[in-house]
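Enquirer: Sequence plus the predicted model coming up.
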Amino acid sequence: GAVVSQHPSWVICKSGTSVKIECRSLDFQATTMFWYRQFPKQSLMLMATSNEGSKATYEQGVEKDKFLINHASLTLSTLTVTSAHPEDSSFYICSASRELQFFGPGTRLTVL
Amino acid sequence: QKEVEQDPGPLSVPEGAIVSLNCTYSNSAFQYFMWYRQYSRKGPELLMYTYSSGNKEDGRFTAQVDKSSKYISLFIRDSQPSDSATYLCAMSGTLQGAQKLVFGQGTRLTINP
């Protein structure tokens, strides 16, 4: 149990386009989901906390207008990187909370 | 000073060795302690979690928490090449609500056949 999926697993896009990443809890309902960013050989950096049916809470320094988060149901949260630029290239990972946090497999975003 | 300190390694040991991974922390409010394993280009996988002080064993893995010293450890017995990964410690004060985890930097472990 406690399986979390992400889609897509990798994406390459042109600068200026928007990219949507989906995070789903497959076998449990998650009131809270989290979005992280990870740079090579570094630990996870929390971007935002997402609660079903309410606005996400962003960490300091994370642009909420650039990283749009929607938590439409207890099993689905989406992260949209708007007007992506090369500096947004990174590994994005979501987690779903059922007391403990269970992570998705991650999405590698490359912006050309 | 970071809330959670973890030696980033890299740590390289021969197959079959006992591996000890450690984290120290400064926030006495932490009550829940987790170890995640992360393979390259994958999301972290929850290995073990413990509440407060004490030991917990699961197969070849043993987690220890010493709250008096603010020190946690993960031991891997009979290490295998498949254990080669980055190990992240994480902790929080509660499991309720939108609890945030505070992570260590991660230790890169390589088990050599």
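Expert: The structure has been received and is ready for your questions.

Enquirer: Ramachandran angles for the closest residue to B:Y32 other than its chain neighbours?
Expert: Distance criterion C-beta to C-beta, 6 or more residues apart in numbering or on different chains; nearest residue to B:Y32, sequence neighbours excluded, is B:S92 at 5.0 Å. Every C-beta, even on glycine, is put in place using the N, C-alpha and C of the backbone. Backbone torsions for B:S92, taken as degrees, to the nearest 10, come to phi -150, psi 170.

Enquirer: can you check the one 3 residues further on too?
Expert: Its backbone dihedrals place B:L95 at phi -110, psi 0, with angles given as degrees, to the nearest 10.

Enquirer: Now do the contacts for it.
Expert: Shown in contact with B:L95 (C-beta atoms under 8 Å, 6 or more residues apart in numbering or on different chains): A:E99, A:L100, B:Y32.

Enquirer: if I look at it, how far off is A:R98?
Expert: 9 Å (C-beta to C-beta, to the nearest Å).

Enquirer: what residues does chain A put near chain B?
Expert: When proximity is defined as C-beta under 8 Å from any C-beta of the partner chain, chain A approaches chain B at A:2, A:4, A:6, A:31-32, A:34, A:41-44, A:46, A:49, A:51, A:57, A:91, A:93, A:95, A:97, A:99-106, A:108.

Enquirer: Just those residues: which are in strands?
Expert: Mapping those onto strands (DSSP state E) picks out A:4, A:6, A:32, A:34, A:44, A:46, A:49, A:51, A:57, A:91, A:93, A:95, A:97, A:100-103, A:108.

Enquirer: I'm done for today, thanks for sticking with me.
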